[in-house]
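Chemist: need a 3D model of the sequence below.
(2 chains)
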Amino acid sequence: MPPVAEGTVADRRTILDAEQMQRVVRRMAGEIVDRNGGVEDLMFIGIRTRGVPLAESLAREIREMEGADIPRGVLDINLYRDDLSTVARYPVVKETRLPGTLDDRIVVLCDDVLFTGRTIRAALDALVDYGRPRSVRLAVLIDRGLRELPIQPDIVGRTVETARDELVEVRFAQTDGEDGVEVIPHDGSAAGPAAGAAEGD
Amino acid sequence: MTADAQWSRKDLLGIADLSAGEIGAILDTAESFREVSARPIKKVPTLRGKTVVNLFFEPSTRTRSSFEIAQKRLSADNINFSISDSALSKGESLVDTALNLQAMQPDLIVIRHAHAGAPQMLARRLQAGVINAGDGAHEHPTQALLDALTIRQHKGTLAGLKVAIVGDIEHSRVVRSNIHLLTRMGSEVTVAGPRTMMPVGMDKLGARVAYDLEEAIAGADVIMMLRIQLERQTRMLFPSIREYFLLFGLTLARLAAAREDAIILHPGPMNRGVEIASEVADGERSVILEQVANGVAVRMAVMYLLSGAQRGAA
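Modeler: Just a heads-up that it's a prediction; the model follows:
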């Protein structure tokens, strides 16, 4: 669970509490099925780290609504990052695990927060190496704006206006003990969650 | 998770100076890289624009091919220098060769050399990261790492395992790197071979010494057979190949002394009927071809980690 910075609780803005978040995820799941005209050929791919529990949550909702099990995969985009020549140290690479070929599937890329768009750019590059999906859609729980690339989501849980130096912290019951989304101001005193852990991008 | 232990070295010169956390970081990263080789498109753009020089002063087919494949799968550009076509055969010193290479701005240099310490010397003089691909009878770190990865995949851990290493212990760099790695990760290592091939001081490295095959592999979880370098047989280290096989060759009958689930490793190239019987080499407990596949993953992981650290130091 990300550490909670002490003494800055008042400065945190709650964007979604647990109940709201569950409702939002349910609505997103419904939208995916509606837009697709069913569940056929769908595949959910969660971007590490917190795109993975989002993909799981969306799949669980669809299982309840439609009784269908959507195949799910996990994507690590670190090998495709565009900042490898500038970051201080290379990120830890974790395993990518896809449930089968992407050819002719309708892939829904899932991530917790959409920010600069660079993660999604890297994810699209990665997907091409695994096959040729019929289409790729993007589902994000939070769109916090401030894009640096021409990338837009198809399914959005909540759009939030943020400043560049703020942190959006998304927690999932599966991985963090509880559901919820908060915006944490950057005021120097807030230790905040581990760097990058909750930023999405 | 051990991979979070940060990597900060620009070179991989040996296992002896690595911590358990650093070894774990390489193995965990290698585990992630295995998947790249299983894809239809076996290439990631990670080291695009990086130049790697493979500097081989000793003949090597498999280690060099493994490094080359790893480099290509990471999208690095690679250049091969081997002794026959290098200026070294024209009398140039190793340092001069290295300084000339440095002037071409490589990011990584993979070196194999007959003399122990050659990679260390290069690493001190060059900005490029240096990877030791075998120096004399000193170290061969990527081999030990791929062995460890293979063992870990089968046994889940390295801690508490009994590992027997059998063969020409004296001339093997694989042995030294493996003893360092396995003892650091908590395995119990026994080395065995003819007395003529057993150097003094193996016990000081932390290994138990045996001169009998059955004694060495009794209760072993892992058996690592080393190649008998037949080209050295001119020095008459053992009476005949037949006698060596009778005393130290691993056969199915002998294997009964080890644990029932023991796995068999061999760094290659194998001499069938010398150190290992075909029935064992091709048997279901042999993981020799998995070692080869893991070699590519380990070398990708090492080059990834070194490239990252290099940038961090710059």
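
Chemist: and the helices in chain B?
Modeler: B:20-33, B:62-73, B:94-102, B:118-125, B:141-155, B:173-184, B:213-217, B:241-248, B:252-255, B:278-281, B:288-313 (DSSP state H).

Chemist: redo those helices as a markdown table? Include distance to A:Y80, mean pLDDT and mean neighbour count.
Modeler: Yep, even glycine has a C-beta here, placed from its N, CA and C like the rest. Output for the helices of chain B, formatted as a markdown table (distance: least, Cβ to Cβ, whole Å; pLDDT from 0 to 100; neighbours: other Cβ atoms under 10 Å in any protein chain shown):
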| stretch | distance to A:Y80 | mean pLDDT | mean neighbour count |
| --- | --- | --- | --- |
| helix B:20-33 | 13 | 96 | 22 |
| helix B:62-73 | 14 | 97 | 20 |
| helix B:94-102 | 30 | 85 | 16 |
| helix B:118-125 | 30 | 93 | 19 |
| helix B:141-155 | 24 | 98 | 24 |
| helix B:173-184 | 31 | 96 | 24 |
| helix B:213-217 | 45 | 96 | 20 |
| helix B:241-248 | 49 | 92 | 17 |
| helix B:252-255 | 45 | 95 | 14 |
| helix B:278-281 | 39 | 96 | 17 |
| helix B:288-313 | 13 | 89 | 22 |
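
Chemist: can you lay out those helices as JSON lines showing distance to chain A?
Modeler: Shown next, in JSON lines, are the helices of chain B (distance: least, Cβ to the nearest Cβ, whole Å):
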{"stretch": "helix B:20-33", "distance to chain A": "4"}
{"stretch": "helix B:62-73", "distance to chain A": "10"}
{"stretch": "helix B:94-102", "distance to chain A": "20"}
{"stretch": "helix B:118-125", "distance to chain A": "19"}
{"stretch": "helix B:141-155", "distance to chain A": "13"}
{"stretch": "helix B:173-184", "distance to chain A": "21"}
{"stretch": "helix B:213-217", "distance to chain A": "34"}
{"stretch": "helix B:241-248", "distance to chain A": "39"}
{"stretch": "helix B:252-255", "distance to chain A": "33"}
{"stretch": "helix B:278-281", "distance to chain A": "30"}
{"stretch": "helix B:288-313", "distance to chain A": "3"}
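
Chemist: which parts of stretch A:98-107 are buried?
Modeler: A:98, A:102, A:105-107 (16 or more other Cβ atoms under 10 Å in any protein chain shown).

Chemist: return the closest of these with respect to B:M197.
Modeler: A:L98 (47.8 Å; Cβ to Cβ).

Chemist: ok, and the closest non-adjacent residue to the residue of the stretch 51-200 of chain B found nearest chain A?
Modeler: Using Cβ to the nearest Cβ, the closest approach of the stretch 51-200 of chain B to chain A is made by B:L74 at 8.2 Å. Spatial nearest neighbour of B:L74, chain neighbours left out: B:L47 (4.1 Å); criterion: Cβ to Cβ, 6 or more residues apart in numbering or on different chains.

Chemist: centroid residue for chain A?
Modeler: A:D111 (1.4 Å; Cα atoms, centre = their mean).

Chemist: A:R144 - how many residues pack around it?
Modeler: A:R144 has 25 neighbours, counted by other Cβ atoms under 10 Å in any protein chain shown.

Chemist: for the residue nearest to it when sequence neighbours are not counted, grab the count of nearby residues.
Modeler: Excluding its sequence neighbours, the residue lying closest to A:R144 (Cβ to Cβ, 6+ apart) is A:T162, at 4.4 Å. Neighbourhood size, A:T162 [other Cβ under 10 Å]: 20.

Chemist: A:T162 belongs to a helix?
Modeler: No - going by DSSP: H, G, I helix; E, B strand; the rest coil, the assignment for A:T162 is coil, not a helix.

Chemist: wait, it sits on A:D143?
Modeler: No - judged on Cβ atoms under 8 Å, A:T162 makes no contact with A:D143 at a distance of 9.8 Å.

Chemist: about what we covered before: do you know how far the residue of the stretch 51-200 of chain B closest to chain A is from B:H115?
Modeler: As for B:L74, its distance to B:H115 is 29 Å (criterion: Cβ to Cβ, to the nearest Å).

Chemist: likewise A:P150?
Modeler: 56 Å.

Chemist: please apply the same query to B:G156.
Modeler: Counting by Cβ to Cβ, the gap from B:G156 to B:H115 is 38 Å.

Chemist: swap in B:I109?
Modeler: 16 Å.

Chemist: more neighbours: these two, which one.
Modeler: B:I109 (24 against 14).

Chemist: give the bridge partners for that one, please.
Modeler: Beta-bridge partners for B:I109, by DSSP bridges, are B:V53, B:V130.

Chemist: nearest to chain B within chain A, name that residue for me.
Modeler: A:Y90 (2.6 Å).

Chemist: ok, and what's touching stretch B:99-114?
Modeler: With Cβ atoms under 8 Å, 6 or more residues apart in numbering or on different chains as the test, stretch B:99-114 has contacts from B:47, B:50-58, B:60, B:63-64, B:67, B:76, B:79, B:81, B:87, B:94, B:98, B:118-119, B:122, B:125-136, B:303, B:306-307, B:310.

Chemist: for stretch B:120-133, same thing?
Modeler: Against stretch B:120-133 from outside (Cβ under 8 Å, 6+ apart): B:10-14, B:53-54, B:56, B:60, B:63-64, B:67, B:94-95, B:98-99, B:101-102, B:106-112, B:119, B:135, B:139-142, B:302-303, B:306-307, B:309-310.

Chemist: and what of stretch A:80-91?
Modeler: A:78, A:118, A:121-123, A:125-126, B:6-8, B:44-46, B:49, B:304-305, B:307-309, B:311-312.
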